[in-house]
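Q: my questions concern the predicted model and sequence given below.
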Amino acid sequence: MKISTKGRYALRLMADVAVHDREGYVSLRDAADRQGISLKYLEQIAGMLSRAGLLQSGRGAQGGYRLTKAPEEYTVGSILRLTEGSLAPVACLGEDENRCERSGKCPTLDFWMGLYDVVNRYIDGFTLADLLEEEPPA
């Protein structure tokens, strides 16, 4: 599994907004400068996060983006799944129902399911608030 720049930048944007939205809406230009990310690319990511209800947008001179919930209520997994889609290590686990004709006799399926479970538990075990702490939970 490899997380794309979209997923990595989405986490960085969400963390940046979490730190700075106490001051009001966070300007994407300011976030892009702080994070060293292209403003154009960040606009695409912010739009995706906003359409999904993770960010709230505000217009005008004091506009920008804010979190819609407390940082503790966002899991890293929810942000990554939104930006990356399925995080399944193999295609047959990427859908709700495994439709692979070999699933009933595949000697590696349990291994892939175990890996997928570990990944999901790990990324769902961290919140946006955890990312902002100096020492994340084990």
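A: That came in fine, so what should we check first?

Q: which stretches of the protein form strands?
A: 55-58, 64-67 (DSSP state E).

Q: and the gap between the residue nearest the centre of the chain and Asn98?
A: The chain has Ile79 as the residue nearest its centroid, 2.1 Å off, counting by C-alpha atoms, centre = their mean. Ile79 sits at a distance of 25 Å from Asn98 (criterion: C-beta to C-beta, to the nearest Å). For the C-beta atoms, the positions are set from N, CA and C on the backbone; glycine is no exception.

Q: over to Gly125?
A: 25 Å.

Q: neighbour count winner among the two?
A: Asn98 (17 against 14; other C-beta atoms under 10 Å).

Q: ok, the more buried one - contacts?
A: Residues counted as contacts of Asn98 (C-beta atoms under 8 Å, 6 or more residues apart in numbering) are Cys92, Leu109.

Q: same thing but 7 Å
A: Cys92 (C-beta atoms under 7 Å, 6 or more residues apart in numbering).

Q: for it, grab phi and psi.
A: Note on Asn98: its backbone torsions stand at phi -80, psi 110 [degrees, to the nearest 10].

Q: which pLDDT value belongs to it?
A: For Asn98, the model assigns a pLDDT of 73.

Q: same thing with Ala138?
A: 42.

Q: among the strands of the chain, which is the most enclosed?
A: Among the strands of the chain, strand 64-67 has the highest mean neighbour count (mean count of other C-beta atoms under 10 Å), at a mean of 21.

Q: before we move on, back to that, to Leu87, which of the strands of the chain lies closest?
A: With distances scored as C-beta to C-beta, the stretch of the strands of the chain nearest to Leu87 is strand 55-58 (21.1 Å).

Q: what pairs with that closest one, and is each one parallel or antiparallel?
A: Strand pairing for strand 55-58, using DSSP bridges, gives strand 64-67 (antiparallel).

Q: now do the strand it pairs with, average pLDDT.
A: On average, strand 64-67 scores 94.

Q: give me the contacts around it.
A: With C-beta under 7 Å, 6+ apart as the criterion, strand 64-67 contacts 17-18, 21, 25-28, 46, 50, 55-58.
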